[in-house]
Each structure stands twice: as structure tokens, then as C-alpha cells.
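> Here is a sequence together with a model predicted from it:
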Amino acid sequence: MSESGPTDDYRDLFEHAPCGYLTIGSDGRITKVNATLVAWTGFEADRFVGRRLHQFLNMAGRIYYETHIAPLLRMQGFFSEFALDFETAAGERLPVIANAAERRAADGELLFTALVVIKATDRRRYERQLMDSRSELQKGLATERETAELREQFIAVLGHDLRNPLAAISAGARILQRSGALQQQKELRVLDMINSTVTRMSDLIDNILDFARGRLGGGIKLNRDANRPLEPVLEQVVDELRTASPQRVIETSFEIAEPVNCDRTRIGQLVSNLIGNALTHGARDQPVRVGARTEGGEFILWVANAGEPIPAAAMEKLFEPFFRGDVRDSRQGLGLGLHIASQIAQAHGGRIDVTSTPDETRFVFTMPLTPSTST
């Protein structure tokens, strides 16, 4: 067996490399092509020599090569990992990944350009499948968004339409209570229960409507008024909750010395949700404490209760919609109360902070007395 020399080794490496290889002269015409690329394309080597590279590309590849790849090669002297499609002698498409680099003399004169192509049939097929999958995923997401929007619109309409029969029930119960037609203690207790349930259902509907508005982009709308006192609203909310939970003690301490530019109804809703949360989760043999004051240009309202501290994991999700924790009390509702309260706070340019220890859990709402120009 004869030994081959270095020249023969290099020639064999060029001809039978596991990639296509060709050289392009300074005039832009192909000067050499290896056997690998000849085998891939089905063209004889003589068919390549003297022709330009773009003549072996499909139409899209020709345009892309002339408008993007060739100018980039002239500008920086190389290009890397461009996807091209050769046309074979049989008229089939040959997907490749191409890399090229110029070779210049010491004086900067262009000698030739070396171009290597790697067959990328499987890779391009995978990329097309990936693009198709992405397209299907985007269509699915669009459909899901549309479905979610319709669902939230339905919730908004449902919450609105529930008000009318609920108002009729409440009005009927009040008429019976005022007329004196029912005198039995048991019947009066039933009416009290109806009124309490109506109030609870009304709160749930308010929360559903606010949540639906927020998800549909409307957000929490405010009707600010700094000329009317806020304290009577807070007292009214506390009185309603005392009536709804007569077995519980709610202590108040209000020192509102300055006007608060706010939506009084929304602030009443916020404090109602915070107190309702304290009644649900707090120790039943301990009072729920509610306080409010104006200080340092801010309105500060807090609600505190005794009982088990909030777990650290739950603290991170307290203001997320539909978060109910581990409690199964029937008063807990949909898990929207704290979420709506936080949205009301944000709409006023404020925030709600929470601290929870074995001695006390305290929610503190803080907002500026007057809204900033950006609010």
C-alpha cells in the first residue's frame, strides 16, 4: 500500500469533507467546488466553474443573496450562518446553512472567497414545524383571550342584572318590617336574616362588577369630593357590619381633622372589605379595631384583629383575585374583597400594607389628602 503525501491528504479533505465547499474568485465567479457539493446538487463540477453562486440558488435565495448577503460580504469580509436554498439538478430544493470568508493578500488585494455549506434539511424542517406550532399557539391564545373577554363581559352583565331581583327582595323585606304585619319574634328574625343576606349578596355583586370592569380595561372609576366629610361614611359602614354580625365587637377611633379628596363610596367599600376580612379571619372573642386619621398630608386608615397570623406564603397572594387561603368560612365569598380594596387604594394613588404577628394582624391604607397631577 502506497503512502499518500500531505498534498493528497488535503485534496481528499477538500473533496470529501462532510460539507459542501467552493471558492469564488475576485471576479465573483466560482473557481473550485468539492465532490460533496457536487453529489448533493447533482451538477457536475464543470457546471459550477465559471458561474456565479446565485445562479444555483432558488429565486428567493437569489434575491436575498444579492440584496443582503453579497453587500455584507463586501463590507465586512465574511458572513456566518445564513440560511439558503440551492436548486438541484433534479429541480428539488436543498436547504443549507452557509458561511463564507474572504482571503486577501498582504497588500489587501482580494484573492478568493471560501464558502462552506452544511446540509440543513432536518434543521429547516424542524424550524418550519416550530413556526407552525408557534402560529397555532398564537391562534389558540387569541381564541382564549377572546373567550376570556366574553366570559368577563358575561360576568359584568350577570352582576348588573342580579341587582334588580335583589333590590325587590330587599324592598319587600323592609316593607314587611315597617308594616308591623309580622309580629312573631321568629318571623322578625327571618326578616333580619333576609336583609343581612341581601347586604352580603350586594357586596358580592359589587366586587364582581368591579373585578369585571378592571379586567375589561375600565379600571376603578373615582368620583372624588373633598368638600363632604368622610367620617360619616366610615361610621355608616361600621354600623352596617355591626348589624350584620351582632355577636362581634367593632371598636372605632376616627380623628379626621382635614378634608380628604377621595371617592367616599369607594373608600366605604374599601373599609367594608377590610373589616369583613377581619371579621372572617380574626379571633371571634376579640374585637376588630378600626381607626382613621389625617397626618402629614396623608389619610391613614387601619383595620386590626387578633387571631392566628397570616402564613408567609399567603402574604404574597393576599391581594390576588380569587385567593381564599385555607379558611372555609361561608362569609369568605369569592376571594375578591382584598383584591378590590387594593385596586381602590391604587386608584387613589395610595397603597395597603399588611403586618401579621401572633398578637395582631393589621391592614393599613395610606393615601395623599390631595391627588397628584399624574393621578
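Okay, I see it.
> where exactly do the helices run in the stretch 251-375 of the chain?
Along the stretch 251-375 of the chain, the segments classed as helices by DSSP state H, counting those that start in this stretch run 264-281, 312-315, 337-347.
> sec struct for residue 142, please.
Here residue 142 is helix, with the state taken from DSSP: H, G, I helix; E, B strand; the rest coil.
> Could you number the chain from 58 rather than 1 from now on?
Got it, first residue is 58 now, which makes that one residue 199.
> Would you mind measuring from it to residue 193?
11 Å (Cβ to Cβ, to the nearest Å). The way it works is simple: take the backbone N, C-alpha and C, and place the C-beta from them, glycine included.
> now swap in residue 355 and tell me
Counting by Cβ to Cβ - residue 355 and residue 193 are separated by 52 Å.
> now do residue 107
47 Å.
> Name the nearest residue to residue 429, sequence neighbours excluded.
Nearest-residue entry for residue 429: residue 406, 6.0 Å, with adjacent residues in sequence omitted and distances by Cβ to Cβ, 6 or more residues apart in numbering.
> Tell me who's in contact with the one you found.
424-425, 428-429, 432 (Cβ atoms under 8 Å, 6 or more residues apart in numbering).
> sorry, back to before: next, format the helices of the stretch 308-432 of the chain as a markdown table and append distance to residue 304.
A markdown table is the format used below for those (distance: least, Cβ to Cβ, whole Å):
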| stretch | distance to residue 304 |
| --- | --- |
| helix 321-338 | 10 |
| helix 369-372 | 26 |
| helix 394-404 | 20 |
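> Looking at the ones you listed, spot the one closest to residue 71.
Closest to residue 71 of these, according to Cβ to Cβ: helix 369-372, at 64.6 Å.
> Can you verify residue 279 is assigned to a strand?
No: looking at residue 279 with three-state DSSP, it is coil, so not inside a strand.
> Surely it is in contact with residue 405?
Yes: counting by Cβ atoms under 8 Å, residue 405 is a contact partner of residue 279 at 6.9 Å.
> hang on, the earlier thing: looking at the helices of the stretch 308-432 of the chain, spot the one closest to residue 178.
Closest among these, once you apply Cβ to Cβ, is helix 369-372, at 50.4 Å.
> Show me what that closest one is packed against.
The contact analysis (3 or more Cβ pairs under 8 Å, 6 or more residues apart in numbering; DSSP states H and E) places helix 369-372 against no helix or strand.
> quick one, helices of the stretch 158-307 of the chain?
178-236, 242-272, 288-301.
> where in the stretch 108-257 of the chain is pLDDT low?
181, 183-184, 205-222, 224-225, 234, 236-247, 250, 253-254, 256-257 (pLDDT under 70).
> Walk me through the domains of the chain.
According to automatic domain parsing, the chain comprises the domains 63-176, 196-272, 288-425.
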